[in-house]
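> Quick one, structure for this:
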Amino acid sequence: MVGAADKILFTGKVVDNEDPFVLGRIRVFPNTDEVIEEVLRSEFSEEELVTGTYGLDVKYELRYTERDPFIFLPLMPSLINCIPQENELVWVTYSNPKYNRGRKEQFYIPGSRSNAFNFRFESYEQSLTNTNQGFNLKLNNALKNSVPNLDLIKYPKKSYFDDFKYKGIFAEPGDVAIYGRGSTDIILKENEIILRSGKTQRVVTNQENPKNENRGFLQLSYFDGSSVILNPEISESDVIDETSLKNLIEYDIFNPDGNDAFLGKVSIYNLPPKNEFKNNLFTSSTEVPADMTSYPIWEYDFRTTPLPMTAVTFIINSIIDGLNDGIIDIKEPFTPKKYIVENEGSENKVFPFYYRPGPSIRNLKVWEYLNPGDSIGFQIRKNMTTLTSKIKFSFDNGEFDGSGLVSRKNKSGISKKKEKKEVTNTKTFNNKNSVTTQASNKILLLAYDSIVPGKEKVNLSSESIYGLNEGIIYNNIIPNTEPLVRGNKLKEFLSILTKFLTTHVHPYPGLPPNPTSFSDVTIQTIESKFQQYDSEVLNQNIRIN
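Presented below is the predicted three-dimensional model:
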């Protein structure tokens, strides 16, 4: 069993973090086998003790003195200031924990977080989650997968469960980071430094998207080369047309065993755009829900007037070809009926469409396997084979099975279409260069010795040495600075003025110039551009003094 003398690190709770000497020291009540009250009563009189926020303690005038037993020095380098908050956990260590009587060589290390978002504060109890004392405390949900992405063969990495929400908020392994209390940090990469403020909108875990697009940051980058985007090129290729079917033609025979006197119907249905109804996927056996075939948009019925096989095939083929042509016109000696396809503007209401046997015939598919000795089965097989072999689209030169696709006018089968893609190419130059990028809602560039004529001097007094508050920024700096000029926009404005000045004429000496110059620049154009000067030429959010 490991005893206290064998341990080198112990946990403790911060009870005071304001060192009067500003040396980074803190007062810690250690969580060791020593009893805080016993230590205090053995070294101080009753008059020197008080009861405070964290229980029994010495009076304020004795704290941070040579008699204070709970002063801990930072083990971090003195140039790094990382003082924990009160009631946070710290790790404490001693030069000799067994004989630590002088209490001069005792040090602290800031505790680790139990939640990646707990920048601002994490209580002592929360921090115990990652220690043996926190056996009954549950860690928060993981942010990354536990298994690396094995597609990255050389260096597999673990990815976030939700890159959109979390990737980029925290430093990547291998990079160096300094996190502030809240939404600030400094990220040190191989050839890049990022100083950020407001990287997250609120430091919480259940926010829909904690990233803040309006963060303020300064980025210093060094690149071994630069890539220039070239003018895009248009490439054209043939791709399969995956348009959804617009119409479906189905023909049914209700007495398939008939002797050249058949009853049936031919129906045309509208189909909604669905993946399974795409023309390159639809087949003669694709299921269509019954509610979609309950109300045909047009139907030719010969259930009461028997027709011979030749007439049946003629009518079905006429309907297929007619839908392709935009008009179906059945004339005598059959029952006359007409259907005209009325397209709305450029919208195509016909193509692609599919034709096939209807449910009555598809359900009789068993006729292909009937016993040859069965006279009724033989007759069904003969009739259906004859029918499906004669049903065809006029522009279909392939094998016929009574079904087929008409992808566009006069075109059978799956068609292809030309697809144009814009391909962007880049050219890389091997020129080493550095880039500084600064971004925030407002950028203020100040010089101590500059004053905008007619305005007051910007207040950058010693009172603001630890940072400029909102009052100074919005009440003193912004009113006493002016917007930066956009160079190209200023050039455009000056170009209009120059054209007018060099090409205008006066009707008579001493009179104002004509409102339109020989370069077609008008006085009205100049006035309109000047009205937009404050928004187009000037950038109100980048200001200088």
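> ranges for the strands of the stretch 101-250 of the chain?
106-110, 176-179, 185-188, 192-197, 216-223, 226-229, 233-240, 247-253 (DSSP state E, counting those that start in this stretch).
> looking at the ones you listed, which is buried most?
Counting by mean count of other Cβ atoms under 10 Å, strand 247-253 has the highest mean neighbour count of the strands of the stretch 101-250 of the chain, with a mean of 22. Where C-beta positions appear, they are placed from N, C-alpha and C, glycine not excepted.
> and the helix or strand containing residue 539, what does it pack onto?
Using DSSP states H and E, residue 539 sits in strand 538-544. Here strand 538-544 touches strand 443-445, strand 482-485, going by 3 or more Cβ pairs under 8 Å, 6 or more residues apart in numbering; DSSP states H and E.
> could you give the mean pLDDT of the following helix or strand past the shortest one?
Going down the chain from strand 443-445, the next helix or strand is helix 470-472, by DSSP H and E. Per-residue pLDDT values across helix 470-472 average out to 81.
> What of stretch 482-497?
In this model, stretch 482-497 has an average pLDDT of 89.
> measure stretch 29-47 end to end?
21 Å (Cα to Cα, to the nearest Å).
> buried sites along that stretch?
29-32, 36, 39-40, 44 (16 or more other Cβ atoms under 10 Å).
> Which members of those occur in strands, if any?
29-30 (DSSP state E).
> Residue 322 and residue 387, how far apart?
Distance of residue 322 to residue 387, given as Cβ to Cβ, to the nearest Å: 19 Å.
> For these two, indicate the residue with more neighbours.
residue 387 (21 against 17; other Cβ atoms under 10 Å).
> Save the helices and strands packed on strand 538-544 as a markdown table, and put in mean neighbour count too.
Listed next are these as a markdown table, based on neighbours: other Cβ atoms under 10 Å:
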| stretch | mean neighbour count |
| --- | --- |
| strand 443-445 | 14 |
| strand 482-485 | 15 |
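> now those as TSV including distance to residue 327?
Listed next are those as TSV, based on distance: least, Cβ to Cβ, whole Å:
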stretch	distance to residue 327
strand 443-445	68
strand 482-485	67
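> closest one to residue 543 among the strands of the stretch 101-250 of the chain?
strand 216-223 (14.7 Å; Cβ to Cβ).
> tell me the mean pLDDT for the closest one?
In this model, strand 216-223 has a mean pLDDT of 86.
> who does it touch, helix- and strand-wise?
strand 192-197, strand 433-439.
> Can I get the last one as CSV, trimmed to CA atoms?
Included here for strand 433-439 are C-alpha records, laid out as CSV according to Å, rounded to 0.1, in the frame of the first residue of the first chain:
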residue,chain,number,x,y,z
ASN,A,433,6.5,34.8,-47.6
SER,A,434,4.9,35.9,-44.4
VAL,A,435,1.3,37.2,-44.0
THR,A,436,-0.3,39.1,-41.1
THR,A,437,-4.1,38.9,-40.8
GLN,A,438,-6.2,40.8,-38.3
ALA,A,439,-10.0,40.5,-38.1
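> That one: how far from the chain's middle?
25 Å (Cα atoms, centre = their mean, to the nearest Å).
> Which strands border it, and is each parallel or antiparallel?
strand 216-223 (antiparallel) (DSSP bridges).
> who touches the partner strand?
Identification of contacts with strand 216-223 by Cβ atoms under 8 Å, 6 or more residues apart in numbering yields 191-199, 432-441.
> One more pass at 6 Å, please.
By Cβ atoms under 6 Å, 6 or more residues apart in numbering, the surrounding residues in contact with strand 216-223 are 191-198, 433-440.
> just to revisit the earlier point, can you check what angle separates the strand holding residue 539 from strand 433-439?
Here strand 538-544 points in a direction 100 degrees away from that of strand 433-439 (axes from the mean of the first three to the mean of the last three Cα atoms, to 10 degrees).
> How much space separates the nearest residue to residue 522 once chain neighbours are set aside from residue 35?
Spatial nearest neighbour of residue 522, chain neighbours left out: residue 516 (4.9 Å); criterion: Cβ to Cβ, 6 or more residues apart in numbering. As judged by Cβ to Cβ, residue 516 and residue 35 stand 96 Å apart.
> any idea of the pLDDT on residue 57?
The model's pLDDT for residue 57 equals 93.
> tell me the SS of it?
Classification of residue 57 using DSSP: H, G, I helix; E, B strand; the rest coil returns strand.
> Against residue 397, how distant is it?
Applying Cβ to Cβ to residue 57 and residue 397 gives a distance of 100 Å.
> So which of these two has more stuff around it?
Using other Cβ under 10 Å, the more surrounded residue of residue 57 and residue 397 is residue 57, with 23 against 10.
> I'd like to know how far the more buried one sits from residue 436.
Taken as Cβ to Cβ, the span from residue 57 to residue 436 is 50 Å.
> Please report phi then psi for the closest residue to residue 515 other than its chain neighbours.
Using Cβ to Cβ, 6+ apart and skipping the chain neighbours, the partner closest in space to residue 515 is residue 523 (4.8 Å). The phi/psi pair for residue 523 (degrees, to the nearest 10) reads phi -60, psi -30.
> hmm, back to that, let me know the closest of the buried residues of stretch 29-47 to residue 476.
For the buried residues of stretch 29-47, the closest approach to residue 476 (Cβ to Cβ) belongs to residue 29, at 44.8 Å.
> mind listing what that closest one touches?
Residue 29 touches 13, 15, 36, counting by Cβ under 6 Å, 6+ apart.
> sorry, back to before: for the residue nearest to residue 522, give its distance to residue 499.
According to Cβ to Cβ, residue 516 and residue 499 sit 11 Å apart.
> Tell me which helix or strand residue 388 sits in.
Here residue 388 is assigned to helix 375-390, by DSSP H and E.
> immediately after that helix, which helix or strand?
Toward the C-terminus from helix 375-390 - assigned by DSSP H and E - lies strand 404-408.
> quick one: low-confidence ranges for the stretch 201-350 of the chain?
For the stretch 201-350 of the chain, the stretches flagged by pLDDT under 70 are 202-208, 346.
> could you pull out the helices for it?
309-325 (DSSP state H, counting those that start in this stretch).
> Next one: residue 70, what pLDDT does it get?
92.
> Quick check: closest non-adjacent residue to it.
Nearest residue to residue 70, sequence neighbours excluded (Cβ to Cβ, 6+ apart): residue 27, at 4.7 Å.
> helix/strand/coil for that neighbour?
Using three-state DSSP, the structure places residue 27 in strand.
> I'd say it and residue 17 touch.
No. If you go by Cβ atoms under 6 Å, residue 27 and residue 17 don't touch, sitting 7.8 Å apart.
> Among these two, which residue is more densely surrounded?
Under the neighbour definition other Cβ under 10 Å, residue 27 and residue 17 were set side by side, and residue 27 has more, 24 against 17.
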